[in-house]
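Engineer: below are the sequence and a predicted model for it; my questions follow.
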Amino acid sequence: MLEVGTKAPEFCLPNQDEVEICLRDLAGKWIVLYFYPKDNTPGCTTEACDFTEQMPEFEGLNAIILGVSADSAKKHQNFIAKHDLGITLLSDEDTSMMQEYGVWQLKKNYGKEYMGIVRTTYIINPQGEIAAAWEKVRVRVKRKKDGEAYEVVHVEEVKKKLAELQG
């Protein structure tokens with residue numbers, strides 16, 4: 001995982017429409033860059049829908065949202081159409097960007113080990129530096145405080161941190 005304060009690694013990847021998106025072209029903007037395992041899976045769908053729903057507020061903070069997975073641009077198109085998503089999704093089929101950002105890691109599931117994407121979110125500041133990072137993200141977490149149940153929504157945490165950083 002990248003450390004806060006370090007320079008974000010350069011990238012150029014195709015989005016869902018096969019248009020190349022490069023970090024250098026986004027200089028001067030705040031970027032919410034989130035990595036997720038797979039289109040059309042429950043947690044990934046919830047996260048993408050949450051970011052889409054909050055997009056106007058992120059835009060109000062001069063931030064763009066980019067989701068990245070190893071799915072193809074075509075799969076991204078289907079995912080966006082199926083769930084009416086408004087965010088940009090990047091395709092890193094060879095996982096080179098994910099490796100540079102430290103999110104392509106050894107994972108374990110039911111005793112099996114394999115390489116995969118660890119759900120991670122970065123905020124990149126207008127100078128191209130990592131301003132905040134969340135690793136092993138849980139999209140929504142149910143918690144209790146003083147006997148009251150509540151839900152922690154990752155997208156809300158990201159938005160709050162972005163506003164703080166700009167404050």
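Structural biologist: The structure has been received and is ready for your questions. Numbering: from 1, shown residues only.

Engineer: please enumerate the helices of this structure.
Structural biologist: Under the criterion DSSP state H, the chain carries helices at the ranges 42-60, 73-83, 96-100, 154-166.

Engineer: how about those in CSV, adding distance to residue 33, mean neighbour count and mean pLDDT?
Structural biologist: Placement of C-beta: from N, CA and C, glycine included. Shown next, in CSV, are the helices of the chain (distance: least, CB to CB, whole Å; neighbours: other CB atoms under 10 Å; pLDDT from 0 to 100):
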stretch, distance to residue 33, mean neighbour count, mean pLDDT
helix 42-60, 11, 17, 94
helix 73-83, 15, 17, 97
helix 96-100, 10, 17, 96
helix 154-166, 10, 17, 95
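
Engineer: quick one, which of those is nearest to residue 11?
Structural biologist: helix 96-100 (4.7 Å; CB to CB).

Engineer: counting by contacts, list what the closest one packs against.
Structural biologist: Helices and strands touching helix 96-100, as assessed by 3 or more CB pairs under 8 Å, 6 or more residues apart in numbering; DSSP states H and E, are absent.

Engineer: ok, the residue nearest the centre of the chain - contacts?
Structural biologist: Nearest residue to the geometric centre of the chain (CA atoms, centre = their mean): residue 34, 1.0 Å. Residues in contact with residue 34, defined by CB atoms under 8 Å, 6 or more residues apart in numbering, are 47, 51, 65, 66, 67, 68, 119, 120, 121, 122, 137, 158.

Engineer: which residues pair with it across the strands?
Structural biologist: Note on residue 34: beta-bridge partners by DSSP bridges are residue 67, residue 121.

Engineer: on that earlier part again, let me have the helices of the chain in JSON lines, adding distance to residue 147 as columns.
Structural biologist: Listed next are those as JSON lines, based on distance: least, CB to CB, whole Å:
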{"stretch": "helix 42-60", "distance to residue 147": "26"}
{"stretch": "helix 73-83", "distance to residue 147": "35"}
{"stretch": "helix 96-100", "distance to residue 147": "41"}
{"stretch": "helix 154-166", "distance to residue 147": "22"}
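
Engineer: just so I know, which of the ones you listed lies nearest residue 13?
Structural biologist: So among the helices of the chain, helix 96-100 is nearest, using CB to CB, at 6.1 Å.

Engineer: ok, of the contacts of residue 34, which one's closest to residue 21?
Structural biologist: residue 66 (7.0 Å).

Engineer: find me the pLDDT at that closest one, would you?
Structural biologist: pLDDT for residue 66: 98.

Engineer: contact partners for residue 152?
Structural biologist: Contacts of residue 152 by CB under 8 Å, 6+ apart are 140, 141, 142, 143.
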